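Here you go, sequence then predicted model.
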Amino acid sequence: MEPVNKSGKSIINGKLPAFYFSLLAGSAGMTIAFGIYGSISWELAMGQWGILNGVACYFIVRHNPSCSWYVWFTCNLMILVAGIIDPQFWVSDMWRGYLLIFILTIIGVITGVIFHKRPDPATESDPSQVKQETDVMTEKVTGYLQAFKKELLHMLGRTFHIV
């Protein structure tokens, strides 16, 4: 059973979106890894961080599979920033530990997508209502894409002086 807030919304999907949970997991993993790094080896600290990120990504994606495309990124945001800012990142062996974290995070996301919680067939919506909602979304997306295409062609025409 999922925890819910006073309004009845799921805390996992409602109040705190997957984006914030993945940032929290990445931050917690980094804090714990660097906190215990003095007492254990670099590889074990990075492995612990990777396992924490992987497990967090698994549970986040298991509850909300549509967020699988960005959860791995936000969990590893600190690593990406370190790779860009730190000049010694690619020269030293640091990148190997961070690669381990990336791999474990991706494994967590993939297993979360595979084993995500499917809705109970007894509580599913009426198929005609689902089709109607799908048609409305399709119309909206088609409208957005047509507006984007028109704006892109207008922008390209101005840039390359095409009449």
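Cool, got the structure.

List the residues that contact the nearest residue to S22 once chain neighbours are set aside.
Closest residue in space to S22, ignoring its immediate chain neighbours: T74 at 4.1 Å, by CB to CB, 6 or more residues apart in numbering. Glycine gets a C-beta too; all of them are placed from N, C-alpha and C. By CB atoms under 8 Å, 6 or more residues apart in numbering, the contact set of T74 is F19, S22, L23, G26.

Could you give the average pLDDT over whatever helix or strand Q146 lives in?
Element membership for Q146 (DSSP states H and E) is helix 127-159. Helix 127-159 carries an average pLDDT of 73.

Which positions within it qualify as buried?
Buried residues in helix 127-159, counted by 16 or more other CB atoms under 10 Å: none are found.

Also stretch 36-52?
A45, M46, G47, Q48, W49, G50, I51, L52.

centre of the chain versus it, how much separation?
Stretch 36-52 sits 22 Å away from the centroid of its parent chain (CA atoms, centre = their mean, to the nearest Å).

Identify the residues contacting that stretch?
25, 28-30, 32-34, 97-98, 100-105.

Show me the helices in the chain, by range?
Ranges of helices in the chain, per DSSP state H, are 18-36, 42-63, 68-75, 77-85, 94-114, 127-159.

May I ask which of the contacts of stretch 36-52 has the most neighbours?
When the contacts of stretch 36-52 are compared by neighbour count (other CB atoms under 10 Å), T105 ends up highest, at 30 neighbours.

In space, what's closest to that one - neighbours in sequence excluded?
T105 sits nearest to N53 (CB to CB, 6+ apart), 4.4 Å away.

quick revisit: quick one: which of the helices of the chain has the weakest pLDDT on average?
Across those, helix 127-159 gives the lowest mean pLDDT, at a mean of 73.

Can you name the residues that contact Y58?
For Y58, counting by CB under 8 Å, 6+ apart, the contacting residues are G108, V109, T111, G112, F115.

swap the cut-off to 7 Å and go again
G108, T111, G112 (CB atoms under 7 Å, 6 or more residues apart in numbering).

of all these, which comes closest to T134?
Nearest to T134 out of the contacts of Y58 is G112 (CB to CB; 24.2 Å).
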